[in-house]
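A.B. asks: build me a structure from this.
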Amino acid sequence: MRPLVIVTGFQRDIQTTLPGLSPQVTVHRRFGDLVARAGGLPLIAEPAAEVGELLGRVDAVVVNGGGDVLPEHYGAEAHPEVKMLDAERDRFELDLVRGAVERGVPVLGVCRGHHVVNVALGGTLIQHVPDVTDLDHDVRDPYDQPAHALRVEPGSLLAGVVGGEEIEVNTLHHQAVDELGEGLSAVARAPDGIVEAIESRDGRVRGVQWHPELMHPDYDDVQLPLFEALVEAAKERRG
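C.D. replies: Numbering: from 1, shown residues only. Predicted coordinates:
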């Protein structure tokens with residue numbers, strides 16, 4: 001059986017055929033495509049799920065992108081630019097990551113998910129990247145093409161996954177990892193030094209700042225291996 005890989009949903013109000021806005025939990029379709037091509041069985045997870053029971057049934061976790069993590073979770077006062085807060089989603093995803101780490105369930109965090117992983121393990125965030133660098137980290141046109149290069153730490157597990165020590169990625173974020181969470185290492189940085197990837201020593205926990213699900217399929221030689229590594233770690237855990 002294929003490993004069951006959950007992708008956390010983004011809660012938002014969306015216009016449907018019904019009057020008014022409808023509350024939805026959404027996931028970009030490319031997440032499912034990448035998980036399936038990597039050999040996993042994709043499934044959307046939402047905050048209504050009980051974390052312990054969910055982790056007892058799944059083989060790997062992808063923490064999706066979205067709004068900012070409430071600064072109270074890492075002991076900070078809110079910056080004026082903090083936006084799109086969701087306390088329910090924070091609770092769910094932070095508990096999910098901590099529970100996954102305790103159980104040895106592999107985790108991949110994407111953009112906001114990268115931040116969630118770091119905060120869940122005791123790390124902090126830069127609340128507004130333009131305060132600390134002149135490099136534009138929020139390039140939305142085009143959002144599916146490389147915006148800058150990353151230097152991947154030589155000898156890191158990530159370097160083995162992506163096949164080299166330099167890759168090019170898209171960038172759509174205004175926050176970033178600051179102090180690292182327990183057991184995590186910074187394994188990729190932007191030209192200005194901003195942390196763009198983190199991982200645990202065994203590679204079961206990883207976060208990436210860019211959006212692999214939004215990158216054009218022409219760049220799947222880097223994006224797909226991230227999900228293949230996640231699925232492989234899930235298979236190894238199952239034995």
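A.B. asks: spatially nearest residue to S185, not counting backbone neighbours?
C.D. replies: E199 (6.2 Å; CB to CB, 6 or more residues apart in numbering). The way it works is simple: take the backbone N, C-alpha and C, and place the C-beta from them, glycine included.
A.B. asks: thought the one you found was touching L157?
C.D. replies: Yes: E199 is within contact range of L157, at 5.8 Å (criterion: CB atoms under 8 Å).
A.B. asks: so what sits against both of the two?
C.D. replies: Common contact partners of E199 and L157 (CB atoms under 8 Å, 6 or more residues apart in numbering): V187, R206.
A.B. asks: which one of these two has more residues nearby?
C.D. replies: Taking neighbours as other CB atoms under 10 Å, E199 and L157 compare with E199 leading, 25 against 18.
A.B. asks: you'd agree that one is in a strand?
C.D. replies: Yes: checked against DSSP: H, G, I helix; E, B strand; the rest coil, E199 lies within a strand.
A.B. asks: now do the strands in this structure.
C.D. replies: Counting by DSSP state E, the chain has these strands, from start to end: 4-8, 10-15, 21-26, 41-45, 60-63, 107-110, 125-126, 148-152, 166-169, 176-177, 184-189, 195-200, 205-208.
A.B. asks: among those, which is nearest D134?
C.D. replies: strand 148-152 (12.4 Å; CB to CB).
A.B. asks: which helices and strands does the closest one pack with?
C.D. replies: helix 157-162, strand 166-169, strand 184-189, strand 195-200 (3 or more CB pairs under 8 Å, 6 or more residues apart in numbering; DSSP states H and E).
A.B. asks: buried deepest among the ones you listed, which one?
C.D. replies: Of those, the one with the most neighbours on average (mean count of other CB atoms under 10 Å) is strand 195-200, at a mean of 25.
A.B. asks: measure how it sits relative to strand 184-189, angle-wise.
C.D. replies: Here the directions of strand 195-200 and strand 184-189 differ by 140 degrees (axes from the mean of the first three to the mean of the last three CA atoms, to 10 degrees).
A.B. asks: quick one: list the elements packing against strand 195-200.
C.D. replies: helix 112-120, strand 148-152, helix 157-162, strand 176-177, strand 184-189, strand 205-208.
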